[in-house]
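Trainee: got a structure for you, letters missing:
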Ligand SMILES: N[C@@H](CCC[C@H](N)C(=O)O)C(=O)O
């Protein structure tokens, strides 16, 4: 099996062209081993590019634990770069993922991915919760650089109200009016990753909703580099939401499936 490795601000993925449907998608153990950093290739997630009748392609996303999961924003940006590499698309596309249709474009070397509209943002005393294709807990902390992301993220992800289904957990520090630093504990990786696309999208909307910023173009500094999120507001919430950043092929290889 030929695989490709991509990274988007350090969130890394093994991507396979499965248009001929030769991957056994139920083999959770095999997918988890491929993502294992010591016994496999190593990745935060595994992505299949498949054919779709109506749009350019279909994205199927698995977390590093081998289970199919909800939307991955950085993975979405990486699969757009992969589709261009395979000559399936030029610089604009429409594809389908688990949360629905996504438009995307490649401009000035950056992949712009349109995310689903968001109407519900829950606000609590210490945190906010919203779904940007994947579920995200957003919490402001001070001293983010030295914050214990893994232990706090693990406790929140497994605790009330998320329990077994879990949530991704984002810790945020405001750097300036429209610039925020973010560190994310990812469900399904069960650790901090260097970046999370649906996570920074959730942070941008939560910071706007809570009045921490009035900007509709927000910069997010992840451990793996900068991302931008732009959006419009409407009576119901947020639409025209775009996640913007780099996506790079880092190598290709062959393994036995
Ligand atoms: N890395 C992701 C999010 C992937 C899904 C997540 N781990 C979950 O299970 O919700 C991103 O870039 O959005």
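Mentor: Good, I have the coordinates. Bear in mind the structure is a predicted one, so any value in this text is a computation, not a measurement. Numbering: from 1, shown residues only.
Trainee: quick one: contacts for residue 10?
Mentor: Residue 10 sits next to 193, 194, 195, 222, 223, 224, 225 when contact means CB atoms under 8 Å, 6 or more residues apart in numbering. (Each C-beta comes from the backbone N, C-alpha and C, glycine too.)
Trainee: Can you report how many residues neighbour the fourth one?
Mentor: Translated: residue 222. For residue 222, the count of nearby residues is 27 (other CB atoms under 10 Å).
Trainee: which residues touch it?
Mentor: 9, 10, 182, 183, 184, 194, 195, 196, 200.
Trainee: got it, and residue 131?
Mentor: By CB under 8 Å, 6+ apart, the contact list for residue 131 reads 118, 120.
Trainee: From residue 199, how far off is it?
Mentor: Applying CB to CB, to the nearest Å, the value for residue 131 to residue 199 is 12 Å.
Trainee: Residue 88 now?
Mentor: Distance of residue 88 to residue 199, computed by CB to CB: 27 Å.
Trainee: hang on, the earlier thing: and of the contacts of residue 222, the nearest to the ligand?
Mentor: Taking CB to the nearest ligand atom as the measure, the ligand sits nearest to residue 196 out of those, at 4.4 Å.
Trainee: residues near the closest one, how many?
Mentor: Residues near residue 196, counting by other CB under 10 Å: 35.
Trainee: What sits closest to it if chain neighbours are left out?
Mentor: residue 184 (4.0 Å; CB to CB, 6 or more residues apart in numbering).
Trainee: Quick check, pLDDT for residue 128.
Mentor: At residue 128, the pLDDT value in this model is 98.
Trainee: hmm, I was thinking of residue 21
Mentor: Per the predicted model, pLDDT is 89 at residue 21.
Trainee: repeat for the one 4 residues further on
Mentor: According to the model's per-residue confidence, residue 25 sits at a pLDDT of 89.
Trainee: How about residue 71?
Mentor: Note for residue 71: predicted pLDDT of 98.
Trainee: count of residues packed around the residue lying closest to it once chain neighbours are set aside?
Mentor: Once flanking residues are discounted, residue 71 sits nearest to residue 133: 2.8 Å by CB to CB, 6+ apart. Residue 133 is flanked by 26 other residues according to other CB under 10 Å.
Trainee: Helices along the stretch 51-200 of the chain, start to end?
Mentor: Along the stretch 51-200 of the chain, counting by DSSP state H, counting those that start in this stretch, helices occupy 73-85, 149-158, 197-209.
Trainee: Is the shortest one positioned near the ligand?
Mentor: No: in terms of CB under 6 Å from any ligand atom, no part of helix 149-158 sits within range of the ligand; the closest distance is 9.9 Å.
Trainee: Residues touching that helix, excluding its own?
Mentor: Residues contacting helix 149-158 (CB under 8 Å, 6+ apart): 137, 139, 162, 164, 166-169, 171, 183-185, 187, 190-192.
Trainee: let's see 7 Å
Mentor: Applying CB atoms under 7 Å, 6 or more residues apart in numbering, the contact partners of helix 149-158 are 137, 166, 167, 169, 171, 183, 185, 187, 191, 192.
Trainee: Pull up the residues of the chain that are close to the ligand.
Mentor: 11, 44, 63, 69-70, 72-75, 134, 168, 186-188, 196-199.
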